[in-house]
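Chemist: below is the sequence, then the predicted model.
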Number of protein chains: 2
Amino acid sequence: MGKQLTEMLKGTLEGIVLALLLGRPAYGYEITAWLRDQGFSDIAEGTIYALLVRIEQRGLVDVEKVPSEKGPPRKVYSLNAQGRAYLEEFWRNWSFLTERLEQLREGEQT
Amino acid sequence: MGKQLTEMLKGTLEGIVLALLLGRPAYGYEITAWLRDQGFSDIAEGTIYALLVRIEQRGLVDVEKVPSEKGPPRKVYSLNAQGRAYLEEFWRNWSFLTERLEQLREGEQT
DNA sequence: ACTAGTACATAGTAACGCTGAATAGCGGGG
DNA sequence: CCCCGCTATTCAGCGTTACTATGTACTAGT
């Protein structure tokens, strides 16, 4: 992964995962695979698990342990009320940033 | 500044400053003031100066020392060829990110 | 027994932005 | 004169994040 994109992901990756969890509950391994599908070519598994631990400790998600037929039990995460509020704040901040950058980008071709 | 936005700025603030410098050369104090104007209400001065040192050491900008009538001499930064290339890469990465997030945000109201 | 695929966890590292303080030059008011 | 306020830059120390690399554990197929 490019160093630039890695830095940009800081703070954003969390929002991406929370947004995904708003749509449907999911577990770490699944999320990693989905991200790779989306073009985040080599996001390390460790990154996702660490992130999930963080958002769990902050009380943004509920966790349920679900046995799997193909390996160790899955920890299925789902967004709770606090997580939804946090996600909304994320979108507000994201909008703020994109607006500023859009302006900058347009001003460019003057 | 919100913690969320602080994290989102990582990697992005650098692009913002480079994009600004593409438009016109500027010095640290000026850049800080401009950012505050743009709504980045309390970006620390120290942050900008550290960032400027970084991009200078990476050879993305040229520096010229210009005496000031109102204080110590200014270090005026201007984007060079390498910096312009780096900025283009930044915009590519930024586009990638915004596209992914736009998709996620739309999928939300389903 | 060995391998591969599934699934989670963690210690150590690097990079970035923030906090808080220090330094330095110049102007004007008490 | 001296201190205050504005301009302008610098630096040490901190917290957070994503990456690297490795380890654990369960199941199925050979």
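Modeler: Structure's in. What do you need?
Chemist: count the residues that sit near the residue of chain A found nearest DNA strand D.
Modeler: Scanning chain A for the residue nearest DNA strand D gives A:Gly46, at 2.6 Å (criterion: CB to the nearest atom of the strand). The C-beta positions use only the backbone N, C-alpha and C, and glycine is treated the same way. Under the neighbour criterion other CB atoms under 10 Å in any protein chain shown, A:Gly46 is assigned a count of 9.
Chemist: and it, what element?
Modeler: A:Gly46 is located in helix A:45-57, with elements delineated by DSSP states H and E.
Chemist: right, and the helix or strand after that helix?
Modeler: Helices and strands here follow DSSP H and E; after helix A:45-57, the next one along the chain is strand A:61-66.
Chemist: hmm, that next one in reach of DNA strand D?
Modeler: No - on the criterion CB under 7 Å from any atom of the strand, strand A:61-66 is out of touch with DNA strand D, staying 12.2 Å away.
Chemist: and the longest helix seen in chain A with strand A:61-66, angle?
Modeler: Here the longest helix in chain A is taken by residue count, with DSSP state H as the criterion, and it is helix A:81-108. Counting by axes from the mean of the first three to the mean of the last three CA atoms, to 10 degrees, helix A:81-108 points 120 degrees away from the direction of strand A:61-66.
Chemist: buried residues in helix A:81-108?
Modeler: Buried residues in helix A:81-108, counting neighbours by 16 or more other CB atoms under 10 Å in any protein chain shown, are found at A:Gly83, A:Tyr86, A:Leu87, A:Phe90, A:Trp91, A:Asn93, A:Trp94, A:Leu97, A:Thr98, A:Arg100, A:Leu101, A:Leu104.
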